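In: Provided below for reference: sequence and predicted model.
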Amino acid sequence: MQAVPRVHTKPEVALRAALYGLGLRFRINVPLLPGLRRRADIVFRSVKVACFVHGCFWHGCPSHLCWPARNPAYWRDKIEGNRARDADTTRRLRRAGWAVVVCWEHEAPGRAAARIARLVRSRSGLAGAL
Ligand SMILES: [Zn+2]
């Protein structure tokens, strides 16, 4: 487990490669909410699709989170805080007309990429053409 969340995590890199493989082009690590220091990991700006790749530990994955035995109160605060911020970010983005996709670290990159591709294509109105 990494002590500090990184910008270019392994699951993110794998997902980006899978998306490229599907012929999709996008921007990474983009701030979308003015005044807030929150960035989407993968962004399709023209169709307003924002994707987040969440680490199972840091973002409290419902399938894989196990609370550390040391300093449980600290970690609970920290991870519950991350969860609350994630939910708030999603709410704000949806209000601004964005579609939000959350991918988990444990998700197979190919599956996550296919999910994103379907959404991007449906929002671009080219579902049949691509
Ligand atoms: Zn997980």
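Out: Sure thing, it's come through. Numbering: from 1, shown residues only.
In: so how far is the longest helix belonging to the chain from its chain's centroid?
Out: Longest helix in the chain, counting residues (DSSP state H): helix 72-95. In terms of Cα atoms, centre = their mean, to the nearest Å, the centre of helix 72-95 is found 13 Å from the chain centre.
In: skip ahead from it and say which helix or strand is next.
Out: Moving toward the C-terminus from helix 72-95, the next helix or strand (DSSP states H and E) is strand 99-104.
In: now that following strand against helix 72-95, angle please.
Out: Interaxial angle of strand 99-104 relative to helix 72-95 (axes from the mean of the first three to the mean of the last three Cα atoms, to 10 degrees): 150 degrees.
In: please save the CA atoms from strand 99-104 in CSV.
Out: The C-alpha atoms that make up strand 99-104 are tabulated as CSV, following Å, rounded to 0.1, in the frame of the first residue of the first chain:
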residue,chain,number,x,y,z
ALA,A,99,-21.9,12.4,-16.5
VAL,A,100,-19.7,10.9,-13.8
VAL,A,101,-18.1,7.5,-14.1
VAL,A,102,-16.4,5.9,-11.1
CYS,A,103,-14.0,3.1,-11.8
TRP,A,104,-12.4,1.1,-9.0
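In: alongside the ion, which residues does the chain contribute?
Out: 56, 61, 63-64, 104, 106 (Cβ under 5 Å from the ion). (Each C-beta comes from the backbone N, C-alpha and C, glycine too.)
In: and the longest helix of the chain, what does it pack onto?
Out: Counting contacts by 3 or more Cβ pairs under 8 Å, 6 or more residues apart in numbering; DSSP states H and E, helix 72-95 is packed against strand 49-54, strand 99-104.
In: quick one: contacts of the last one?
Out: Identification of contacts with strand 99-104 by Cβ atoms under 8 Å, 6 or more residues apart in numbering yields 11, 15, 47-54, 56, 59, 61, 63, 86, 89-90, 93-94, 112, 115-116, 119, 123.
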